[in-house]
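K.L.:
what's the 3D shape of this:
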Amino acid sequence: MHITLRQLEVFAEVLKSGSTTQASQMLSLSQSAVSAALTDLEGQLGVQLFDRVGKRLVVNEHGRLLYPRALATLEQATEIEQLFREDNGHIRVFASSTIGNYILPEIIARYRRDFPALPLELSVGNSQDVINAVSDFRVDIGLIEGPCHAAEIIAEPWLEDELVVFAAPGSSLLTGDVTLARLAEAPWILRERGSGTREIVDYLLLSHLPEFHMGMELGNSEAIKHAVRHGLGISCLSRRVIAEQLDSGTLVELQVPLPRLTRMLWRIHHRQKHLSNALSRFSRYCEI
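P.N.:
The predicted model follows:
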């Protein structure tokens, strides 16, 4: 059975108007097309929907049973058309942890104020998790903290981010000059491998140290902040992540003898991903 929306539309209009002639005028179809659609529908259902009384069509018990269901189906089809005509598709975003926890909440809040009912799914992981999800089409767009080298992914520069080396207020590194040698001797508390922050810290900072003392690796920035605050070592994270702690004095920035540590945050999508108007609109809200 292959009932079409057109057949249901013809049936509903014939019922309302009482004749194929008037239905054809309302639907801008020929009378023969209306009659054929109605005959095909009755043939597929195996019943007559109207009693033929002269030139009039009078709905019978089968037609009365079908009518509310036909209207509901046509209304749902209209809702589907309207849904995509207004670009109200379900957007799936995957962000690395610094972005997801400290940058996206403000963006999503602005987006939600303008589009409170539109579906938006946000996942947070490390940068490699994001890249894998974009590669597998499990999400529509990814936001990561480091470069992406996958050939199937298009990476666009998004935001500049500053990294800060920091310690607890009682750290011995706060007395005297902070040299590369002293930084090398200190225990470092860093994000896990696969994290975009870790990749950039390895490249911009740790590669300049004569040696490197790993204190521990932790899977999220909040754990790192607490570990550093309790004097377990020093670390390097985005200024956005530790801004409140720097302002309150619970963490202290170390002035390292290196150029300003900056990185680019990236917006990524699969090379074969269709960028809908809804997705492009969300991307515009990300421009801060």
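K.L.:
For Leu66, see how far away the nearest residue to Val14 once chain neighbours are set aside is.
P.N.:
Among residues not flanking Val14 along the chain, Ala23 sits closest, at 4.5 Å (CB to CB, 6 or more residues apart in numbering). No exception for glycine: its C-beta is placed from N, CA and C like everyone else's. Separation of Ala23 from Leu66 (CB to CB, to the nearest Å): 15 Å.
K.L.:
Between the two, tell me which one has more neighbours.
P.N.:
Ala23 (25 against 20; other CB atoms under 10 Å).
K.L.:
Wait, the more buried one touches Ser17, no?
P.N.:
Yes - here Ala23 reaches Ser17: they are 5.0 Å apart, a contact under CB atoms under 8 Å.
K.L.:
mind listing what's buried in stretch 51-62?
P.N.:
Neighbour-count burial for stretch 51-62, counted by 16 or more other CB atoms under 10 Å, picks out Leu57, Val59, His62.
K.L.:
could you list every residue that touches the last one?
P.N.:
For His62, the contacting residues are Leu45, Val47, Gln48, Leu49, by CB atoms under 8 Å, 6 or more residues apart in numbering.
K.L.:
Was I right to think the last one contacts Val58?
P.N.:
No - Leu49 is beyond contact range of Val58, at 10.3 Å (criterion: CB under 8 Å).
K.L.:
buried sites along the longest helix along the chain?
P.N.:
Counting by DSSP state H, the longest helix found in the chain is helix 61-85. The neighbour-count check on helix 61-85 (16+ other CB under 10 Å) flags His62, Gly63, Leu66, Tyr67, Ala70, Thr73 as buried.
K.L.:
Any figure for the gap between the nearest residue to the third one once chain neighbours are set aside and Leu65?
P.N.:
Here the nearest residue to Leu66 in space, its sequence neighbours aside, is Leu49; by CB to CB, 6+ apart that works out to 6.3 Å. In this structure, Leu49 and Leu65 are 9 Å apart, going by CB to CB.
K.L.:
same thing with His2?
P.N.:
20 Å.
K.L.:
where does the nearest residue to Thr73 once chain neighbours are set aside land on pLDDT?
P.N.:
In space, and not counting its chain neighbours, Thr73 is closest to Leu8: 5.9 Å by CB to CB, 6+ apart. Looking at Leu8, its pLDDT is 95.
K.L.:
now Leu209
P.N.:
Reading off the model, Leu209 has pLDDT 88.
K.L.:
For it, list the residues it contacts.
P.N.:
Taking CB under 8 Å, 6+ apart, one finds Leu180, Leu183, Ala184 in contact with Leu209.
K.L.:
Spatially nearest residue to it, not counting backbone neighbours?
P.N.:
Nearest one to Leu209, counting by CB to CB, 6+ apart, is Ala184 at 4.3 Å.
K.L.:
Go ahead and confirm the one you found touches Met214.
P.N.:
No - using CB under 8 Å, Ala184 is not in contact with Met214, being 11.4 Å away.
K.L.:
which one of those two has more residues nearby?
P.N.:
Taking other CB under 10 Å, Ala184 and Met214 do not tie; Ala184 has more neighbours (15 against 11).
K.L.:
Mind telling me what element that one is part of?
P.N.:
Per DSSP states H and E, Ala184 falls inside helix 180-185.
K.L.:
Let me see the domain layout of the chain.
P.N.:
5-85, 91-158+265-285, 161-263 (automatic domain parsing).
K.L.:
Thank you, goodbye.
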